[in-house]
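# coordinates only, sequence not included:
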């Protein structure tokens, strides 16, 4: 089993945090999004993941080393491929064409999920989906009476299905998918100026492949600040359910209350403050005289006199003053 993770986008909706760190490497619940993603996939896979291929832009050698480390922590080989131009999801996957043979999972790196199914490697393909109330803003799949996928509709104006594709796919025969991806490129089949992955899946179904939906319990987006903070809330709750230790023993706490669940990394100092619930705090951060809930705080931040919720505070950021809901980038300072 191989996994392809396209992640070449710049994550503009999550700025300013993605100006210094690619979105998939931003931590939620103390762990990078892409790390949690491949862990989620490993939990539903019945086969060992041999290789994880990351399709990236020009992110630099340090990012590449970190991605290789993510793969190695899961016992897989890590490899790096490049998408130099934003030509669509199908093009992004084909950038890692050397990996597309045999069973393969494709997972776009801005989505996390919770599922209670195991991947059935005997079927031709599985598309992870979430049943939602309003599918008009999503790409959806249409099923026949046997539960097989027969069509893919992007942002339907009229109701055809409530099963939204979440951006994770399994294909048993990677070579068959690669042929269809190459067909799209060679014949310049585009939508909106880009080569779209669902068009390749449509061609697979037309050729006789049986693709089925894999319904997830929860679909966690990391597209912008608000949904990323909400995802942080959920992953902390999931980690608590699994009895994963969330608070480092190195925490220095004075006259403060921690309302669980919270994640607190190494060497954090908290004084005269109330923290939680649903707060993630990166290493070497100091907080004093503050009340903070439902927020992400990255490494080496310094916070004083803050009253904050639904906030995202970058690494090495400094804030002093009463703020309710804000987003502060890495190395930024705000003083009220």
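Arrived safely. In this text, all values refer to a predicted model and were calculated from it rather than measured experimentally.

# wait, residue 166 sits on residue 218?
No. Counting by Cβ atoms under 8 Å, residue 166 stays clear of residue 218, with 10.0 Å between them. (Glycine included, C-beta is placed from N, CA and C.)

# what is in contact with those two at once?
Counting by Cβ atoms under 8 Å, 6 or more residues apart in numbering, the common neighbours of residue 166 and residue 218 are 113, 130.

# Which of the two has more residues huddled nearby?
Each of residue 166 and residue 218 has its neighbours counted (other Cβ atoms under 10 Å); residue 166 has more, 23 against 13.

# buried set for the helix or strand that that one is a member of?
In this structure, residue 166 sits in strand 163-171 according to DSSP states H and E. Buried positions in strand 163-171, judged by neighbour count with 16 or more other Cβ atoms under 10 Å: 163, 164, 165, 166, 167, 168, 169, 170, 171.

# want to throw those residues into JSON lines with distance to residue 134 and pLDDT?
Listed next are the buried residues of strand 163-171 as JSON lines, based on distance: Cβ to Cβ, whole Å; pLDDT from 0 to 100:
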{"residue": "163", "distance to residue 134": "13", "pLDDT": "92"}
{"residue": "164", "distance to residue 134": "9", "pLDDT": "90"}
{"residue": "165", "distance to residue 134": "15", "pLDDT": "90"}
{"residue": "166", "distance to residue 134": "15", "pLDDT": "88"}
{"residue": "167", "distance to residue 134": "18", "pLDDT": "86"}
{"residue": "168", "distance to residue 134": "21", "pLDDT": "89"}
{"residue": "169", "distance to residue 134": "23", "pLDDT": "92"}
{"residue": "170", "distance to residue 134": "26", "pLDDT": "93"}
{"residue": "171", "distance to residue 134": "29", "pLDDT": "94"}
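
# In these, find the pair that's most separated.
The two members of the buried residues of strand 163-171 with the most space between them (Cβ to Cβ) are 164 and 171, at 19.3 Å.

# which SS state does the closest residue to residue 85 other than its chain neighbours fall under?
Excluding its sequence neighbours, the residue lying closest to residue 85 (Cβ to Cβ, 6 or more residues apart in numbering) is residue 91, at 7.9 Å. Following DSSP: H, G, I helix; E, B strand; the rest coil, we place residue 91 in the helix state.

# one step back: which one among the buried residues of strand 163-171 gets closest to residue 60?
Relative to residue 60, the closest of the buried residues of strand 163-171 is residue 167; by Cβ to Cβ it sits at 24.7 Å.

# Can you give me the distance of that closest one to residue 245?
Distance from residue 167 to residue 245, counting by Cβ to Cβ, to the nearest Å: 30 Å.

# got it, and residue 77?
For residue 77 relative to residue 245 (Cβ to Cβ), the value is 29 Å.

# Could you do residue 154 as well?
According to Cβ to Cβ, residue 154 and residue 245 sit 42 Å apart.

# Tell me who's in contact with residue 218.
113, 114, 130, 234.

# check contacts around the closest residue to the first one other than its chain neighbours.
Right, the one you point to is residue 113. Closest residue to residue 113 apart from its sequence neighbours, by Cβ to Cβ, 6+ apart: residue 216 at 4.4 Å. Residues near residue 216 by Cβ under 8 Å, 6+ apart: 113, 114, 115, 128, 129, 130, 166.

# Name whatever forms a beta bridge with the fifth one.
When you say that, I think you mean residue 129. Residues in a beta bridge with residue 129, per DSSP bridges, are residue 165, residue 215.

# Quick one: neighbours of it, just the number.
Neighbours of residue 129 (other Cβ under 10 Å): 25.

# Next: the first one.
Using other Cβ under 10 Å, residue 113 has 22 other residues around it.

# Scan this structure for its longest helix.
Assignment by DSSP state H gives helix 225-241 as the longest helix of the chain.

# Listing partners with orientation, what would you give for the helix or strand just after that one?
Sequence-wise, the next helix or strand beyond helix 225-241 is strand 252-254, with elements assigned using DSSP H and E. When pairing is defined by DSSP bridges, strand 252-254 lines up against strand 269-271 (parallel).

# Just the buried positions in the partner strand, please.
Under 16+ other Cβ under 10 Å, the buried positions of strand 269-271 are 269, 270.

# I would like the residues contacting it, please.
Counting by Cβ under 8 Å, 6+ apart, 251, 252, 253, 254, 255, 256, 258, 285, 286, 287, 288, 289 sit against strand 269-271.

# Buried ones from the residues you listed, can you make that a PyMOL selection?
To isolate the buried ones among the contacts of strand 269-271 in PyMOL, judged by 16+ other Cβ under 10 Å, type:
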select buried, resi 251+253+256+258+285+286+287+288
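
# Out of the contacts of strand 269-271, which comes closest to residue 55?
Proximity of the contacts of strand 269-271 to residue 55 (Cβ to Cβ) peaks at residue 285, which lies at 32.4 Å.
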